[in-house]
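Student: I'll drop the sequence and a predicted model, then ask my questions.
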Amino acid sequence: MKSNFLSENKTVLNFYKFTLKLMTVFFGIMFLAFSLSGCTAKSSKAQQGQKMTAMAGVSSEIPKGIAGNELFKLLNSSSPQINLERENNTCNFKAEPGFLFYSNDSVQNVSSDNLQVRGIQDNAKFTLRADAKIQFLPASVILIQGTTRFEFSKIKGVYKVKIPGAILGIRGTTFDVCVNADKSTAIALLEGKIEIERGSEITVLKPGETAILGPNGSSFKLNPPSTELPEFLRKTTTEEIQKAIRKF
């Protein structure tokens, strides 16, 4: 009788121990699942935060340029919205006054206002209109699209502006260039002179003259000083250009 009682108690005790272990494992699994769920939620929120930060253009998200490779700085007193391509990264943000652009940077003006930059080592000044895109290189730039005014005072050597199908050689001058969606290009010279290099051919543009290049330089036309501008150039240049051309 006593033996049966002890046996039954032992069975009940083992059952309680087994149940306790089972409950411990169950709550352990629940706790682990809850913890992982919380981590995932935090991670998701963190990722969303990073995306929002990148969209908002917080400076900490912008790749740093290499010291010593600064080429241009932003002149605008306001903070224009830009797209910046740097080291295989593209950032969209409002650039603060004095923001530095480095060698190989590509910048697109995505604001409605003009974007103005000035050279660090020389006195070159560029004004990018809405949607204009340019890439900065040592002693040269590539105008990828849109309209930009280039102003050069006296510079050392020859500065080059690369456009589809041609290279513009500059020493000291002011001119406007418009690169259209089909890669045709219009150039209006206000002062100074420009050498337009198309392969082995070199054409010197004089003040008041305009040049029209077909897509990727497929054709070339030089227009003498005139109050009449080509249609697509007239649409993308300012009255200031027309006034300057009328002087000649």
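Tutor: Now that the structure is in, tell me what you want to look at. Predicted model, so just to flag it, every value in this text is computed and none were measured.
Student: show me the protein divided up by domain.
Tutor: 1-56, 60-246 (automatic domain parsing).
Student: weakest of the ones you listed by average pLDDT?
Tutor: Among those, domain 1-56 has the lowest mean pLDDT, at a mean of 44.
Student: give me the contacts around the longest strand along the chain.
Tutor: The longest strand of the chain (DSSP state E) is strand 140-151. Applying C-beta atoms under 8 Å, 6 or more residues apart in numbering, the contact partners of strand 140-151 are 106, 108-109, 124-135, 159-163, 170, 173-181, 236-237. In short, each C-beta sits where N, CA and C put it, glycine included.
Student: do the same with stretch 211-223
Tutor: Contacts for stretch 211-223 (C-beta under 8 Å, 6+ apart): 163-166, 182-187, 196, 198, 203, 205, 209-210, 230, 233.
Student: for PyMOL, write the select line for the buried members of those.
Tutor: In PyMOL, this line selects whichever of these come out buried by 16 or more other C-beta atoms under 10 Å:
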select buried, resi 163+164+165+166+183+184+185+186+187+196+205+209+210+230+233
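Student: sort out for me which of the contacts of stretch 211-223 are in strands.
Tutor: Ile163, Ala166, Thr185, Ala186, Ile187, Ile196, Arg198, Thr203, Leu205, Thr210.
Student: enumerate every residue touching the residue nearest to the first one when sequence neighbours are not counted.
Tutor: Distance criterion C-beta to C-beta, 6 or more residues apart in numbering; nearest residue to Ile163, sequence neighbours excluded, is Thr185 at 4.9 Å. Contacts were defined as C-beta under 8 Å, 6+ apart; by that measure Thr185 touches Ile163, Pro164, Gly165, Ala166, Val177, Cys178, Val179, Ile212, Leu213, Gly217.
Student: hang on, isn't the first one packed against Val179?
Tutor: Which is Ile163. Yes - the criterion here is C-beta atoms under 8 Å, and Ile163 meets it with Val179 at 5.9 Å.
Student: start and end of stretch 101-121, how far apart?
Tutor: By C-alpha to C-alpha, to the nearest Å, the extent of stretch 101-121 from end to end equals 12 Å.
Student: tell me which residues of it are tucked away?
Tutor: 101-102, 104-109, 111, 114-117, 119.
Student: same question, stretch 147-157
Tutor: So, applying 16+ other C-beta under 10 Å, buried residues of stretch 147-157: Thr147, Thr148, Arg149, Phe150, Glu151, Phe152, Ile155.
Student: which residues of this protein fall in helices?
Tutor: Assigned by DSSP state H, the helices in the chain fall at 2-56, 231-236, 239-246.
Student: from Lys221, how far out is Leu205?
Tutor: Leu205 is 12 Å from Lys221, where distance means C-beta to C-beta, to the nearest Å.
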